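A.B. asks: can't give you the sequence, but here's the structure:
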């Protein structure tokens, strides 16, 4: 089961994702968090965080308006190679579509993915979703329950 989450920038996609994974048995992978001027990426199994991208610090290669940390890409690769029941990836965007990071090779079995809304058409050419949820201001406080049900109802 591959479940996608999309929505406008800043609507609360990662917050919804966090609500799901705290109740999900066996989640592994990565979640990203914005900070002033960039993004951290966190390994869900270890809780370790590293800077993935920065708008200001030239920490690696530049893609669009961000500098990406090559060490963070290796960190993400390790996180996706861990064992677990549901692979979580936050978020598929330009980095992945342009081939800088190949998340697509890991998308088998149960997956929970955040997808950039403006790139949805291109992303769905690369991965077949079983269901897609759009997070909105109106549903963001409750949509996590329906998303979670796709993983829990299947196992009972």
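C.D. replies: Alright, I've got the coordinates. Just so we're clear, the structure is a prediction, and the values are computed from it rather than from any experiment.

A.B. asks: show me what contacts the spatially most central residue of the chain?
C.D. replies: Centroid-nearest residue in the chain, with CA atoms, centre = their mean: residue 90, separated by 1.2 Å. If you count contacts by CB atoms under 8 Å, 6 or more residues apart in numbering, residue 90 has them with 13, 14, 17, 29, 30, 31, 32, 113, 114. The way it works is simple: take the backbone N, C-alpha and C, and place the C-beta from them, glycine included.

A.B. asks: That one belongs to a helix?
C.D. replies: No. Counting by DSSP: H, G, I helix; E, B strand; the rest coil, residue 90 falls outside a helix, being strand.

A.B. asks: May I have the distance across stretch 18-29, first residue to last?
C.D. replies: Using CA to CA, to the nearest Å, the end-to-end distance of stretch 18-29 comes out at 12 Å.

A.B. asks: got the buried residues for it?
C.D. replies: Of the residues in stretch 18-29, 18, 19, 20, 21, 24, 27, 28, 29 count as buried by neighbour count, 16 or more other CB atoms under 10 Å.

A.B. asks: Where does confidence bottom out across those residues?
C.D. replies: Ranked by pLDDT, those bottom out at residue 24, which has 93.

A.B. asks: from memory it sits against residue 110, does it?
C.D. replies: No. Using CB atoms under 8 Å, residue 24 is not in contact with residue 110; the gap is 9.5 Å.

A.B. asks: what stretches of this structure score poorly on pLDDT?
C.D. replies: 153-156 (pLDDT under 70).

A.B. asks: Sitting in helices, which of the buried residues of stretch 18-29 do you find?
C.D. replies: Those of these mapping onto helices are 18, 19, 20, 21, per DSSP state H.

A.B. asks: nearest to residue 9, of these?
C.D. replies: Ranked by distance to residue 9 (CB to CB), those are led by residue 18 at 17.0 Å.
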